[in-house]
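Undergrad: Sharing a model prediction with you, sequence too.
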Amino acid sequence: MNPPPEGFIYPAVSEKKFIKVLEHLPSKWMFWYEPTIHGGQTPDFVIWAPTEEFATIFLLELKNWRRTFVSRADMTYVYLRNNRVEYNPINKLKMVRNNLNEALTMHYRTAPGLEKIAVIPLLLHWGIEADETHEMLRNDPDVAVLGKSSTQNADALCMSLIQLAQSFYSYVDEIPPVISSMIKRSIRSCIDLSTRAHVAGGQFQKPLASPKPTEKKEVQNGRARNGMAKPKQKKAVRESSAPDKSQPLVYDKPIHTMLDDYQHAAINNRSLGHCLLSGVPGTGKTIILLGRLRWYSKHYPQSRQLFIVHQKVLINNLKQRYRYHFCDGKPDKRVQFFRFKDWFTSTYQGVTESLRTTAPLQSRLLDDLVDDALAGRLPLKEKAQEAYDYIYVDEAHQMPGKWLHLLAKFARESAAKKRNIWIAYDNGQGIYRNRRFEGAQIGLNFQGRSRHFHRVYRCGLLPWAFAACCHPEAFRTYRKQNSGEYLEFTRLGQKPQAIVQPTLDLQAEKLAEVIEKKIDKQEIKRSDVTIFYAVAGMSEQQAYPDQVTKVALDKAFAHLGGIEWVAINKSKADWSSDRVRACTFTSSQGIDAPVSVLFGAESFKMFANSDWVDPDALFYTVLTRATNSIILTYNNLSENPSCRFEAALFRGIKKASKILPMLASLKPVKAKDDANVYRIKWAQLDRYINS
């Protein structure tokens, strides 16, 4: 008998080892070994994760075929070098998923919420990393793939599975299902336990010792447990970092000191039914929308209001900002905050089922469904809100005109036959791919109903100028579309700071050291810092940090109270906590970050030719989040790398080193409303940036 090829690991051994890992998953999780799914298919494992936020069924296949062990492969078969031919596990997982979904549909009526349960096919490469395998075994939009670094440790596996579930729910259905006994019974009836039920692992996991409340909370929130500190150290960190929940967060300044007279006039103008707000990043457009929302809540407390944004991370930020800044910490049940897709799926029948597909195809389907809704071919859900007294749309430059047109139809008309909808957009639409809208597209005439703003509140002058140096194309776009002579900045800000270290671990350690010194000097608070990082993959399903990034930052900031991963927790993120925040650069729009950190600049190169996001616009957006300062971390920047962002930073840093000292010498002047501002002419900035 010939020995197996080099790199081959016997599957039986892998399965036994994997069962040992599964036994240390959270106590409420359940798993089966080689059960029979409806349709006769038998995946290697099925894992049921009944978490409160992301209840999910995982269908697993365990393989250990290195690239050198596979002679060739296609979507149907994998041809191995020992003359074996096996069915492609990715194709098998798709069949298993389809069969299970078909079985579950039979129980939807008797188990409400079952239709929301995610079913995720997952191919595990137990003894190797995913990039060591054949291309046909790791590149498929419908099947997730994990390697050994994520599968041989229960904590790492738990984190990876939760992240997969989070990414799935982020683009399929945001409302978590309530796990009822009927749902559990339905799932069990669709998975036949009679096959190998007596084998270890082919039964429900035995309950583990009950964790302490703090540990349980960490598991539910999906936070990594790798390298946890000793109990005493952990307790000390929690005591020093946990916010006082008995005292609601009060934002630093009331609204009247944040806005100028022109913006206050826009908020209080009752004659405006529909209105367009525009300006460069940081001109207070979102604050105006929130202020208008508060004005109507105060004067018309029975009115129903809808606030729509483009990306999910911002939703909870706006909810908490509105609640604590404008409502004295009390929730307002008549105000709803939604991402457009979430509002659309909660309003129209059959949309959720139609969108249960891959992200690229889902975008096209969503646009087609919106067309059907505009044409009256989609029925409303039974309890859907048919109209709102006032609707607000933020970051509208990221939305197709047909979306805004549909929203306008849900805005109730005023006595003067004006639809009450306010739309805020970035007036430099030219830097956003295929996102140019006009009033005609929305079905409304905005002539005389536009408000353009010139005072920048969020970004300081020096960070803003540095962003323009790195991305002069964006600056030229704004310059062309701004007729005003001046820009006014409420803050000067600081020059950007660079941290150059060879690895992400060292960059994270040095970053934590710099932040700690600033905190000790009382220059900043922990919650002032937001770290923007590149996501792990090229689709919305992979919009979370790669394991190296997350572990590096968690370890480096553990002594500072840890990281608030707002892009992972999304709707459960605590924006009022006194912790350093971490957010994907793809979710940066609308976020306020007094200290904006661009972490690991080289890791952004994967987006150089991305069709999923508009990387140029987002790169510029991250740099304009900073009120006070920008911190960059990287290994090495060169003038002609393959990544254009790296090249932009290289040239931007050189140019900014000459421009920023001149801008730093500016003195504040009195504006018309007696506010101290740093005023600079567009033409003067143009001369600096394009010199």
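TA: Received, thanks. Residues are numbered from 1 along each chain as shown.

Undergrad: pLDDT below threshold where in the stretch 401-550 of the chain?
TA: Within the stretch 401-550 of the chain, the segments meeting pLDDT under 70 span 415-416, 428-438, 483, 535-546.

Undergrad: Would you map the helices across it?
TA: For the stretch 401-550 of the chain, the helices defined by DSSP state H, counting those that start in this stretch cover 401-409, 439-442, 461-470, 472-480, 504-520, 547-556.

Undergrad: Show me which of these has the highest average neighbour count.
TA: Greatest average neighbour count among the helices of the stretch 401-550 of the chain goes to helix 461-470 (a mean of 27), per mean count of other CB atoms under 10 Å. From N, CA and C alone the C-beta is placed, and that goes for glycine too.

Undergrad: Touching that one from outside, list them.
TA: For helix 461-470, contacts defined as CB atoms under 8 Å, 6 or more residues apart in numbering pick out 282, 456, 459, 474-475, 489, 491-496, 596, 619-620, 623-624, 626-630, 648-649, 651-653, 655-656, 659-660, 663-664, 666, 678, 680, 685, 688-689.

Undergrad: The same query, at a cut-off of 7 Å, please.
TA: 456, 475, 489, 492-496, 620, 623-624, 626, 629-630, 648-649, 652, 655-656, 659-660, 663-664, 678, 680, 689 (CB atoms under 7 Å, 6 or more residues apart in numbering).

Undergrad: before we move on, the earlier item: let's have the helices of the stretch 401-550 of the chain in a markdown table, adding distance to residue 92.
TA: Shown next, in a markdown table, are the helices of the stretch 401-550 of the chain (distance: least, CB to CB, whole Å):
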| stretch | distance to residue 92 |
| --- | --- |
| helix 401-409 | 38 |
| helix 439-442 | 46 |
| helix 461-470 | 47 |
| helix 472-480 | 47 |
| helix 504-520 | 36 |
| helix 547-556 | 27 |
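
Undergrad: domains of the chain?
TA: Segmentation of the chain into domains, based on automatic domain parsing, reads 11-217, 258-453, 496-664.

Undergrad: returning to what we had before: now a ChimeraX select for only the buried ones of the contacts of helix 461-470.
TA: Here is the ChimeraX command that selects the buried residues among those (16 or more other CB atoms under 10 Å):
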select :456,475,489,492,493,494,495,496,620,623,624,626,629,630,648,649,652,655,656,659,660,663,678,680,689
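
Undergrad: Is residue 658 in a helix, a strand, or coil?
TA: Here residue 658 is helix, with the state taken from DSSP: H, G, I helix; E, B strand; the rest coil.

Undergrad: rewinding a little: mean neighbour count, the domains of the chain: which tops it?
TA: Using mean count of other CB under 10 Å, domain 496-664 ranks as the most buried of these, with a mean of 20.

Undergrad: show me the contacts for residue 148.
TA: 125, 126, 127, 128, 129.

Undergrad: before we move on, the earlier item: inside strands: which ones of the contacts of helix 461-470?
TA: Mapping those onto strands (DSSP state E) picks out 456, 489, 626, 629, 630, 678, 680.

Undergrad: would you list these in a markdown table and tack on distance to residue 397?
TA: Output for the ones in strands among the contacts of helix 461-470, formatted as a markdown table (distance: CB to CB, whole Å):
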| residue | distance to residue 397 |
| --- | --- |
| 456 | 17 |
| 489 | 22 |
| 626 | 21 |
| 629 | 26 |
| 630 | 23 |
| 678 | 26 |
| 680 | 24 |
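
Undergrad: Against which helices or strands is the host helix or strand of residue 371 packed?
TA: Residue 371 is part of helix 359-374 when elements are defined by DSSP states H and E. Here helix 359-374 touches helix 351-354, helix 401-409, going by 3 or more CB pairs under 7 Å, 6 or more residues apart in numbering; DSSP states H and E.

Undergrad: returning to what we had before: now, which of the contacts of residue 148 sits nearest residue 372?
TA: Distances from residue 372 to those, taken as CB to CB, are shortest for residue 125 (41.4 Å).

Undergrad: residues touching the residue nearest to the closest one when sequence neighbours are not counted, list them.
TA: Here the nearest residue to residue 125 in space, its sequence neighbours aside, is residue 147; by CB to CB, 6 or more residues apart in numbering that works out to 4.9 Å. Residues near residue 147 by CB under 7 Å, 6+ apart: 125, 128, 129, 130.

Undergrad: Tell me how far residue 147 lies from residue 339.
TA: According to CB to CB, to the nearest Å, residue 147 and residue 339 sit 32 Å apart.

Undergrad: picking that back up, residue 305 is nearest to which of the helices and strands packed on helix 359-374?
TA: Set against residue 305 and scored by CB to CB, the helices and strands packed on helix 359-374 come closest in helix 401-409, at 12.6 Å.

Undergrad: so that closest one versus helix 359-374, what angle?
TA: Put simply, helix 401-409 runs at 40 degrees to helix 359-374, going by axes from the mean of the first three to the mean of the last three CA atoms, to 10 degrees.

Undergrad: Name the surrounding residues that touch helix 401-409.
TA: If you take CB under 7 Å, 6+ apart as the criterion, helix 401-409 is touched by 308, 340, 367, 370-371, 373-374, 391, 393, 396, 419, 421, 423, 437, 441-444.

Undergrad: swap the cut-off to 6 Å and go again
TA: The contact list for helix 401-409 (CB atoms under 6 Å, 6 or more residues apart in numbering) reads 340, 370, 373, 374, 391, 419, 421, 437, 441, 442, 443, 444.

Undergrad: Residue 552: which of the residues you listed is nearest?
TA: Of those, the one sitting nearest to residue 552 (CB to CB) turns out to be residue 340, at 34.1 Å.

Undergrad: Quick check: that closest one touching residue 309?
TA: No: using CB atoms under 6 Å as the test, residue 340 is too far from residue 309 to be in contact (7.8 Å).

Undergrad: as a whole number, average confidence for stretch 679-689?
TA: Averaging the model's pLDDT scores along stretch 679-689 yields 86.

Undergrad: Now do the buried residues in that stretch.
TA: Neighbour counts over stretch 679-689 (16+ other CB under 10 Å) mark 679, 680, 682, 685, 688, 689 as buried.

Undergrad: got JSON lines for those, with distance to residue 91 too?
TA: Output for the buried residues of stretch 679-689, formatted as JSON lines (distance: CB to CB, whole Å):
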{"residue": "679", "distance to residue 91": "63"}
{"residue": "680", "distance to residue 91": "60"}
{"residue": "682", "distance to residue 91": "57"}
{"residue": "685", "distance to residue 91": "56"}
{"residue": "688", "distance to residue 91": "57"}
{"residue": "689", "distance to residue 91": "53"}
